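Engineer: Based on what follows, work out the 3D shape:
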Amino acid sequence: MTTRAHDGASINPEVGDDDRFHSIFTAIDEGYCLCEMILDDSGEPIDYRFLETNPMFEEMTGLVDAVGKTAYELVPNLEHHWVETYARAAIGGERIRFQQGSEAMGRWFDVFTMPIEPRGRFAIVFKDDSARHRAKSALQKSEQSLRDLAIRERRNSLRLQHALLPAELVARPNLSITAEYQSIDVGTTVGGDWYDTFSWSDGRVGIMVGDVVGHNLDAAATMGHLRAGVAALARHLPAHPTDLLQALDECARAPGGADFVTACCVVIDPSDGHCVYSSAGHPPPLLIAPDGDVCWLDDALTTPIGMLDLAATASSVILPADATVILYSDGLIEGRPQSADGGRARLERTAVGLLSAHPDDFSKRLMAEMARISPPTDDAVVVSVRYTPSAR
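Structural biologist: Numbers count the residues shown, from 1 in each chain. Here you go, the predicted structure:
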């Protein structure tokens, strides 16, 4: 046996002594209904009956001839949380505003419910918000799809970039060369930073670091194209930085090349430590003596690749035993919040502080420490060369 939540309820109750309440809710463009809660013998809410509806009720719910019928008579599979929520208004006296969907009705509603005297009755004012909810859900799915696509694109970009970097570096008994690449985990950005090493029959070794402007798949693909082109030409060129940079310039100007590229190159003779260097629009190498003295190799700068001055010159230095030469891309020194000049000073201090590190770990530790001190805002490359003639 079930009972209503009040005594003497009628199907068509009067609300006060006038019909203004009824007139207002008949005229509004929202759904309205007056209901009574139905309780079981233990006083638990189990259903509710519709006592009155306005003209928009049927349009908003799809329910026909609802007056006098209960919710479960109209929608047998209606979720019970509707009864529980409305009981809070009818029995508990709460005024509740909420948004809720009903799979049984195939709709989504924006609802306001409030208690009505006598106790056990409640009014519902609502809107069928299904169209907006579907649009919002579609937008969320679309945004998620775009996020997933961005993640896949970045993952593929990083795979491409790592695949285009050299699988191994030139090895010489008295030169320890290590390299490290670091990407920033921001959206789909992927840079055109690269590095490579070359060798000649006379024993000399070349190291190049470059940066293609851009942060997308095109930049990574262009980087691979340029690196491969120079690598193919290097063995046929004189062992000199300007010849390598000139070859890079010609590759950049060719179809499928790049408009703006920077690069730095050094060529070292392991037999005597003679180091020749040149930089095309790129940050200069850093030379660190074993006692911690530093020297920026910045007296052989020229215009970027793609605009390279044919009269570009190189300079040279004799490396002291156990010296370290560091080549890098600008992402290493442009971390937040320092400027590039501040980043150079930070690189000096950090590199000097790591001189006791094993040469095989130097590049990795330098990259990690620079990122720790100042979070990177761009992809970065670092290549370090330790000259140890005593290892011959």
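Engineer: partner residues bridging the residue nearest to residue 60 when sequence neighbours are not counted?
Structural biologist: Spatially, and ignoring its direct neighbours in sequence, residue 60 is nearest to residue 31 (3.6 Å; Cβ to Cβ, 6 or more residues apart in numbering). All C-beta atoms are positioned from the backbone trio N, CA, C, and that covers glycine. When assigned by DSSP bridges, residue 31 has beta-bridge partners residue 126.
Engineer: Helices along the stretch 1-150 of the chain, start to end?
Structural biologist: Ranges of helices in the stretch 1-150 of the chain, per DSSP state H, counting those that start in this stretch, are 20-27, 55-61, 71-74, 81-90, 130-164.
Engineer: any chance of the ones you listed in TSV, with distance to residue 100, mean neighbour count and mean pLDDT too?
Structural biologist: Shown next, in TSV, are the helices of the stretch 1-150 of the chain (distance: least, Cβ to Cβ, whole Å; neighbours: other Cβ atoms under 10 Å; pLDDT from 0 to 100):
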stretch	distance to residue 100	mean neighbour count	mean pLDDT
helix 20-27	21	14	64
helix 55-61	13	18	94
helix 71-74	14	16	97
helix 81-90	7	19	97
helix 130-164	10	13	79
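Engineer: now those in CSV, with distance to residue 201?
Structural biologist: As requested, the helices of the stretch 1-150 of the chain are exported to CSV (distance: least, Cβ to Cβ, whole Å):
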stretch, distance to residue 201
helix 20-27, 95
helix 55-61, 85
helix 71-74, 90
helix 81-90, 81
helix 130-164, 26
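Engineer: And the pLDDT for the residue nearest to residue 60?
Structural biologist: Per-residue pLDDT puts residue 31 at 95.
Engineer: Contact partners for it?
Structural biologist: 53, 54, 56, 57, 59, 60, 61, 124, 125, 126, 127, 128 (Cβ atoms under 8 Å, 6 or more residues apart in numbering).
Engineer: related to what we said a few turns ago, residue 196: which of the helices of the stretch 1-150 of the chain is closest?
Structural biologist: helix 130-164 (10.1 Å; Cβ to Cβ).
Engineer: elements contacting the closest one?
Structural biologist: Where contact means 3 or more Cβ pairs under 8 Å, 6 or more residues apart in numbering; DSSP states H and E, helix 130-164 is packed against strand 107-116, helix 217-234.
Engineer: For residue 74, list the residues it contacts.
Structural biologist: Residue 74 neighbours (Cβ under 8 Å, 6+ apart): 50, 63, 66.
Engineer: now the nearest residue to residue 66 once chain neighbours are set aside, which residues is it bridged with?
Structural biologist: Closest residue to residue 66 apart from its sequence neighbours, by Cβ to Cβ, 6+ apart: residue 50 at 4.4 Å. Beta-bridge pairing of residue 50 under DSSP bridges involves residue 35.
Engineer: Touching, residue 50 and residue 38? I think so.
Structural biologist: No. Here residue 50 lies out of contact with residue 38, judged by Cβ atoms under 8 Å, at a distance of 11.3 Å.
Engineer: Can you pull the residues that touch both of the two?
Structural biologist: With Cβ under 8 Å, 6+ apart, residue 50 and residue 38 have common neighbours residue 70.
Engineer: element containing residue 170?
Structural biologist: According to DSSP states H and E, residue 170 maps onto no helix or strand at all.
Engineer: can I get the contacts of residue 31 in CSV with distance to residue 359?
Structural biologist: Output for the contacts of residue 31, formatted as CSV (distance: Cβ to Cβ, whole Å):
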residue, distance to residue 359
53, 83
54, 83
56, 79
57, 80
59, 78
60, 75
61, 76
124, 76
125, 76
126, 73
127, 70
128, 71
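Engineer: so which of these comes closest to residue 366?
Structural biologist: residue 127 (61.1 Å).
Engineer: Now do the contacts for the nearest residue to residue 387 once chain neighbours are set aside.
Structural biologist: Excluding the flanking residues, the one nearest residue 387 by Cβ to Cβ, 6+ apart is residue 319, at 4.5 Å. The contact partners of residue 319, taken as Cβ under 8 Å, 6+ apart, are 268, 273, 274, 275, 287, 325, 387.
Engineer: Show the backbone phi and psi for residue 319.
Structural biologist: phi -80, psi 130 (degrees, to the nearest 10).
Engineer: picking that back up, looking at the contacts of residue 74, which has the most residues close by?
Structural biologist: Highest neighbour count within the contacts of residue 74, by other Cβ atoms under 10 Å: residue 50, with 23 neighbours.
Engineer: What separation do you get for that residue and residue 120?
Structural biologist: 14 Å (Cβ to Cβ, to the nearest Å).
Engineer: same thing with residue 352?
Structural biologist: 82 Å.
Engineer: Who has more neighbours out of these two?
Structural biologist: Under the neighbour definition other Cβ under 10 Å, residue 352 and residue 120 were set side by side, and residue 120 has more, 23 against 16.
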